[in-house]
Structures are given as structure tokens and as C-alpha cells.
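> predicted coordinates and the sequence they were generated for:
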Amino acid sequence: MGHLDHAALGWLTPVLSYVMACIGAALGLRCTVRALGATGRSRRNWLVTAASAIGTGIWTMHFVAMLGFSVHGTDIRYDVPLTIASLLVAVVVVSAGVFAVGYGRDRTRALFLGGLTTGLGVASMHYLGMAAVRLHGDVAYDPALVGLSVLIAVVAATAALWAALNIKSPVAVTLASLIMGAAVSSMHYTGMFAVSVRVAPSGAPLPGATAMQFIFPLAVGLGSYLFLTSAFVALSPTTGERQASASAQRPVENAAS
């Protein structure tokens, strides 16, 4: 069996991946809160932004953590189409969960459906991303730990959506995002501890791209998207602020007329 190292770069990748998970969760929660206070096209746009933030945040967390993953006795490569597919799956399935909450009339049913869908999307992204790994050897999984990782993903997603429905203050959202980030990281490393590799040494070249050739640049790009979108959301007025501004302008307009 090959020795697996989940932190080959030290604490850098676990800490940075946790930060990315928290940023994606915080941004997604803030956008969902904004969506629930909006109507029409504005609500849809906020929900799309929320889904893209959560999906890309989770994907970036996963592959930043994978930068520190190594197996003694073999190099590691990543299948590019499968890796991109894992990102698309994350965004699309999380979108389904977020929209179920954003437009659901029965909050309890919407929360259950949204949490289940989003959690399964997170787990699907993780294991599709793992399916993109190419190495000299055979990869196996512990079914019990795989099941536990999926359960963690569903519970974490449900808790995050519950927070979006019930928590409005920025401080509370920040605390919820820190917990969500911890839950997503726990899901990732639980799934990684389920992995075992039987190395078959070979001099044949592996297909795919190295983490630094492909994963790192893409993670940097998505991380930049999250930071820029966070700044946009922070600077955008809330529904309450817009209503207060409109109310303040009416007396001035009436006095002028």
C-alpha cells in the first residue's frame, strides 16, 4: 500500500482550503439573504450569484487541499475534462438546492430538499474530482467513511441553508460561514481518509496535467472571483438601504413640487 500524505506542504493547504470554504460559504449566505429580500429578476440574479459562490468556493477548497496530497511511490496527474466537470457539477447541483430554498413556498420542505440536493452535489463534486486523479496504482475507498463524508455534506448544506433562511445579521452570517467552512473541510478530509492506494511502480508517463500546471492557476482564478464578488456584495446596498434611500428622497421631491 502506498503511504498517503494529505498535507505534503504542511499546514498551508489545510488552512488555505478552509479559508476558501469560509469565503464561499459567507458569500453564498449573504447572497441568499439578499435574494430572499428581493423579487423578480433581482432574486434570480442573487440566487445565481449565491450558487456560483458556494459551488466555486467548495471546489476551490477541495483542490487547494489536493495541492498538498501526495502518494509515495507515484506521481499524480489530473484529468482536465473530469476536473472541469466536477466544477460544473458543483455549481449546477448547488444551484438546484439554492433555488429550491429561494422559491420554495413550504420552508421546511424546501430546506430538506435544498439541503439534500446541495449536500449530494458537494459529495458528487468531491468524488468526481477524485475520479480525475491519475497515478500508478489502484485507488480504493472505505465504504463507511465514504458514507460518513456524504452525511456530513448533507448536514452541512442543510445547516447552511437554514442559516440563510433564519439568520440576517452580518455577524451571525460570519459565524455560520465559519462553521460551514469547518464542516466542508471535515467532509473533504473524511473522504480523503477513506482513500487507500495500492501503488504499481511504472516508468510510463501519466496522462493529464500536474496540480501546478492546471489546478493551481484555476484555483487562483476562482479565488480571485470569490474575492471580487465579495467586494461587490459588500458594497451593494441592501433592500432595506434602498428602501430607506427612496423614502428619504420622496419628501425632497414633494417639497420641490
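Ah, there it is. Numbers count the residues shown, from 1 in each chain.

> let me know the pLDDT of the closest residue to His3 other than its chain neighbours.
Leaving aside its sequence neighbours, His3 sits nearest to His72 (Cβ to Cβ, 6 or more residues apart in numbering; 4.3 Å). Where you see a C-beta, it was placed from the backbone N, CA and C, and this is true even at glycine. Reported pLDDT at His72 in the predicted model: 89.

> cool, and Ala140?
For Ala140, the model assigns a pLDDT of 92.

> can you list the weak-confidence ranges in the stretch 1-150 of the chain?
Within the stretch 1-150 of the chain, the stretches with pLDDT under 70 are 1-2.

> which stretches in it count as strands?
Along the stretch 1-150 of the chain, the stretches classed as strands by DSSP state E, counting those that start in this stretch are 4-5, 70-71, 76-78, 133-135, 137-141.

> other SSEs contacting the first one?
The helices and strands touching strand 4-5, judged by 3 or more Cβ pairs under 8 Å, 6 or more residues apart in numbering; DSSP states H and E, are strand 70-71, strand 195-199.

> quick one: the residue positioned nearest the centre of the chain from Gly115, how far?
In the chain, the centroid-proximal residue (Cα atoms, centre = their mean) is Ile58; its distance is 2.1 Å. For Ile58, the distance to Gly115 equals 14 Å [Cβ to Cβ, to the nearest Å].

> before we move on, what about Ala164?
Noted for Ala164: a distance of 11 Å to Gly115, by Cβ to Cβ.

> those two - which one has more neighbours?
Ranked by neighbour count (other Cβ atoms under 10 Å), Ala164 and Gly115 place Ala164 first, with 28 against 23.

> ok, now which ones touch that one?
Contacts for Ala164 (Cβ atoms under 8 Å, 6 or more residues apart in numbering) come out as Gly28, Leu29, Thr32, Val33, Leu36, Ala50, Val101.

> how about those in TSV, adding distance to Val15 and neighbour count?
Converted to TSV, these look like this (distance: Cβ to Cβ, whole Å; neighbours: other Cβ atoms under 10 Å):
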residue	distance to Val15	neighbour count
Gly28	21	31
Leu29	21	25
Thr32	26	27
Val33	27	24
Leu36	32	16
Ala50	25	28
Val101	30	25
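
> narrow the residues you listed to those in helices?
Gly28, Leu29, Thr32, Val33, Leu36, Ala50, Val101 (DSSP state H).

> check those and tell me the two furthest apart.
Using Cβ to Cβ, the pair of these lying farthest apart is Gly28 and Leu36, separated by 12.7 Å.

> correct me if wrong: Ala110 contacts Ala100.
Yes - between Ala110 and Ala100 there is a contact at 5.2 Å, judged by Cβ atoms under 8 Å.
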